[in-house]
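> let me see the structure of the following:
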Amino acid sequence: MVIKLQVLEGAIMFRRIKQRIERNLIDEIKNLSATDLECVGTYMLNIIEEESLVHHGINKDGRPCGYTVDSFSQDASIVGEYSVEKDYFTDYYEKDGERHYRKIHKDIVHALSHGGSNLKKIYLITSQEEIPSFRKEFNKTKDFLENRNILCIFDARLLAQEIYKQTVNSVDNMNFYKDYFPNFVQEFENYEYYGKIPSLCDNFCQDTKVLDKIDQFFQKTTPICLLYGVSGSGKTQTAIEYVHYKASEFQNYIWIAGDDWPAETSLSAIQRTRGGIPINVVGLFNKSKTIFIIDSLERDVNANDFSELSEGFEKGGRVIITSQIKSSVDFCMPMPELSEDVAIRILGEERNEGVVKQVAKKCKGFPIMLSTIRNMVLYEGVNKEELYSEVLANPEELVTSDGVSLFRTILSKLSTKTRERLINLTNTGTTMFDIDFVRFYCGVLACNALQKLSILISTNIPGIVKIHDLICVAMMEKDESYKAVEVLKKYIDSKKGEMTPSILRQIYLMRYKIATYKENHIENDWLTYALLQIEGDEKDKIVEEIYGQTFAQNMNLATVKCLIEAKELRGYHIKMREETEEYFDELIREYESTLKSISDADIKAELLHHLGKAYRRRKRYEDSYKCFKSLLEIKPNWHATYGQIITLGTMKVSPEIKVDAEKCMRRLLGDMLEDATQVPLRVSLATIARMRSYRDITNEIVNTSERVDKICQIVASAAIEDIGQFFEGFVSVTSMFAYHYSDSCLTLAENVPDMIMVSPQMIEDRQWINACEALTNIATYVDKNLNGQLFDMLIDKGIEFGKAYLTQKRISAYEARAIAKAYIIKGEGREALEVINFIPEEKRDHWILYRQAEAENMLGYSKAPVTAKTAVELLERDKRNCNRKSSYYHLLSKCYYSNGELEKSEEALLTAIGLCEDLKYKQELLNYINQLKQ
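This next block holds a predicted model:
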């Protein structure tokens, strides 16, 4: 049995990727114009109703028109009405005790007057997302009660789900929706490789002769192929297609950009920056048969640079490097030129003669030009014959300038607005962007136009798009990176400084340009705050410069958030405990004083949030609770605040706080399970991490497989988003669910190899114990006989994190037992006891004594029963965890048995059975006692 490493091998990951694609589609739907929504909605209804509706909502000039319903069937039995109004679900008035949602009421009345007695279905379609409270209130209205059997409302979410389903069912549907949702179609077509490798460009045509030449090259030489050629010659697309072509022969594929591998750096030190989170390239490559792509490596390399991959090469792994640099190494291969037949297919032509043949022949070395020509004719309405003439006008153009000048000529035929927006992007000096930032910077329509033209294409990083280097060189007029930085500042301001995944991605992509800009703009603004989100010298420098500044009454939100961030970061780095306590006490006084003079709701909320955290840090739990409750009065829908109260509930607080904390946990979990995309992923992961402390809720979740599955999906999504808190959620899921849902947890582990294989140096040290414990929990349920490779990978990596922690940190009893468990699962009892001995005997609680007894029993020590009995006695005093008695008596039974004390072993086992409340575990114990009696 091989390790399943493909992203979509497991249903958990597939559903989460589908949900992610639908979530991104919702964003595109929200940006539709009124005209486009009508076109999309009418097409969708045609498919649902299996008949062509009459569409009268738009006149011959493409503008919305009145005095008619938007679309309807010939017999008037079906009516569709459409709206892009932002307040669709919130704008209502009361009349005679009845609530009327203005737009909905108007459309229903309109539909009823059109359809009359024959009306059987009213479709109300909106580009907005339905708010949670809408249905409860709307279902009480006369509009609903009188029309409930014929009324169907599609909000943006239901639209996305239906469009996804229709796209799956038909290529024709996909081609239609592509005009309105280019990002969705790019992601949909690449779903098998989502988050792993980029999608193929539009119009790409496979040339098996080229792929076979690469295959032959591998067979004749080394398992490394440096594919070189000029920009635009199709190297990247060929590498993508090669992965597709050979996918069935390999177990995994890794894709990094050349910039991720700096000169004088070993492969094991690569910090591939998918949103800032690195990947263990060497570990992944050597674990299974892998295709490893290094795209656009513009420097010299030699065979010795790949010596760390020898183990992977022995398994049949291959490396493809794309580059514009011709090298003297023996694994260098020129990019094969496309055949004329393939070039003509990319152009979208069928005939191989005359002008078509000349254009194909001239441009076949630049497939990106062929594809762009085709798309400009299709989407921009450019006259094909004129464009072909332009291409052929100067036969020497390609040779003398590597295609730059000719491509500039071709792109000059774009519509004025599209060309201007493209120049704006290329003038930033950046080739990669967050998709939502592009929409903000250029406008939704221009972004869609560039995507349809395949000028703006998806990368292997979800949410990030890029412009080809050749296009950037051809269209860049001057360096205007400062404009992009200023627009980013406005973009952050539009979100009130919330560090959404979109904003964090764009900050990371522009971090150097932001730092350069800030050299001449020293005020504490959103750009300062942006740099505080990126680890490095710049962040440390800013903290030192501003943490000592005081709050002022006239400060804006950006400045306040900068100071809060800097002050708290400074406090976290103070090593002496007393100094830290004094520092945060002073910070509390500063927050309290500032709050008295602040009236702005957003600034007040921010200060309350951090004051509550500071109170909690100083164990002023009642003050912290009151602070968070006050914050909820200002911002009742802040999920993070409920999360803070949940954290409070895990501490030594009053019964009142514990009760309210449990209510907050139930509310947050309810929101997450209803629609995980509505809760920030970081908040969701932190909530899952705290679930173990809420035993009743955990037991309720365990009894519902559907909810367990949804929680696993949320954790799996962190591997796509590259959230650093992944291991917090991961350890909780494995601790809570591995026993009853071992298959789900194993599937989760198998389908996030990028995260499982990271080395300790690649994540924050505070996550090392979480990683150790989570990997150990899963390894416990792997059958070594059936899947020894997976077991070894998990437990060895868990021990690696444990060892790293031992060298860096002062160890507590909790951490010692987590690391000891890893050694025990691996069968290394002596090493487990060595770790446990770091904890003085007088400080060993029942948790660590349990692991000590396990290790002693494994080694055949006669004192194991004594240790196990002491653990049981200490557990008796722990009222909170006394429900674990059955497992402790089970261990005691095992220790007696190993010691030859069979009567005591049976007695302890019977006690364990009597105490056991878990049906599955009780059956295990019953089976065990039957074995003892045989």
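
> could you use CA atoms for every contact and neighbour count after this?
Will do.

> where in the chain is the helix or strand with the lowest mean pLDDT?
Counting by mean pLDDT, DSSP states H and E, the chain has its least confident helix or strand at helix 397-401, which shows a mean of 51.

> name the residues that touch the following helix or strand past it?
Tracing the chain C-terminally past helix 397-401 and defining elements by DSSP states H and E, one meets helix 404-411 next. Identification of contacts with helix 404-411 by CA atoms under 8 Å, 6 or more residues apart in numbering yields 369, 373, 387, 390-391, 397-398, 419, 470-471, 473-475.

> just the buried ones from the residues you listed, in ChimeraX syntax?
In ChimeraX, a selection of the buried entries from the contacts of helix 404-411 looks like this (16 or more other CA atoms under 10 Å):
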select :369,373,387,391,397,398,419,470,471,473,474,475
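
> out of the contacts of helix 404-411, show me where the pLDDT dips lowest.
The lowest pLDDT within the contacts of helix 404-411 belongs to residue 398, with 51.

> now residue 897: closest residue in space that isn't a chain neighbour?
Once flanking residues are discounted, residue 897 sits nearest to residue 905: 5.3 Å by CA to CA, 6 or more residues apart in numbering.

> what distance separates the helix or strand containing residue 770 from the centre of its chain?
Using DSSP H and E, the element containing residue 770 is helix 768-779. Remark: helix 768-779 is offset 21 Å from the chain centroid, using CA atoms, centre = their mean, to the nearest Å.

> which is the next helix or strand following that helix?
Following helix 768-779 in sequence, per DSSP H and E, is helix 788-808.

> which elements pack onto that following helix?
In terms of contacts (3 or more CA pairs under 8 Å, 6 or more residues apart in numbering; DSSP states H and E), helix 788-808 is packed against helix 768-779, helix 813-826.

> outline the domain layout of this protein.
33-179, 208-337, 341-478, 484-546, 846-933 (automatic domain parsing).

> redo those as TSV? Include distance to residue 693.
Listed next are the domains of the chain as TSV, based on distance: least, CA to CA, whole Å:
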stretch	distance to residue 693
domain 33-179	28
domain 208-337	29
domain 341-478	33
domain 484-546	28
domain 846-933	10
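
> contacting residues around residue 204?
Shown in contact with residue 204 (CA under 8 Å, 6+ apart): 237, 346, 371.

> quick one: stretch 512-529 to chain centroid distance?
On the basis of CA atoms, centre = their mean, stretch 512-529 sits 27 Å off its chain's mean C-alpha point.

> contact partners of it?
481-482, 485, 489, 492-493, 497, 507, 531, 538, 542, 558-559, 561-562, 565.

> of the residues you listed, which is the nearest to residue 808?
residue 538 (25.1 Å; CA to CA).

> would you list the phi and psi of residue 101?
Main-chain dihedrals, residue 101, degrees, to the nearest 10: phi -80, psi 120.

> nearest residue to it other than its sequence neighbours?
residue 92 (4.0 Å).

> so the one you found sits against residue 105, correct?
No: taking contacts as CA atoms under 8 Å, residue 92 lies outside contact range of residue 105: 9.1 Å.

> hmm, back to that, to residue 581, which of the domains of the chain lies closest?
Among the domains of the chain, domain 484-546 comes nearest to residue 581, with 19.1 Å by CA to CA.

> mean confidence score for stretch 118-132?
Per-residue pLDDT over stretch 118-132 has a mean of 93.

> any idea how far it is from the middle of the chain?
Centroid separation for stretch 118-132 versus its chain: 31 Å, with CA atoms, centre = their mean.

> same question for stretch 790-798.
Put simply, stretch 790-798 sits 24 Å off its chain's centre (CA atoms, centre = their mean).

> for stretch 897-914, same thing?
Distance of stretch 897-914 from the chain centroid (CA atoms, centre = their mean) equals 49 Å.

> and if you look at stretch 125-143?
Here stretch 125-143 shows a centroid-to-chain-centroid distance of 30 Å under the convention CA atoms, centre = their mean.

> for it, which outside residues touch it?
For stretch 125-143, the surrounding residues in contact (CA under 8 Å, 6+ apart) are 29-32, 37, 41, 80-86, 88-90, 98-101, 105, 108, 144-145, 153-157.

> which parts of it are buried?
Across stretch 125-143, burial judged by 16+ other CA under 10 Å covers 125-130, 138, 141, 143.

> which two among those are spaced furthest apart?
Counting by CA to CA, the most remote pair of those is 127 and 141, 22.1 Å apart.

> low-confidence ranges, this protein, go.
Scanning the chain for pLDDT under 70 picks out 1-14, 57-68, 194-195, 271-278, 395-401, 720-724, 809, 934.

> show me where the stretch 151-300 of the chain has helices.
156-169, 171-178, 182-189, 208-220, 235-246, 281-287 (DSSP state H, counting those that start in this stretch).

> wait, which of the ones you listed is closest to residue 402?
Set against residue 402 and scored by CA to CA, these come closest in helix 235-246, at 14.8 Å.

> show me what the helix holding residue 770 packs onto, helices and strands only.
Helix 768-779 is packed against helix 726-737, helix 742-750, helix 788-808, helix 813-826, with contacts defined by 3+ CA pairs under 8 Å, 6+ apart.

> buried stuff in the next helix-or-strand element following the second one?
Next helix or strand after helix 742-750 toward the C-terminus (DSSP H and E): helix 753-756. Applying a neighbour-count criterion of 16+ other CA under 10 Å, the buried positions in helix 753-756 are 753-756.

> chain center to helix 753-756: distance?
Its chain's C-alpha centre and that of helix 753-756 lie 13 Å apart, by CA atoms, centre = their mean.
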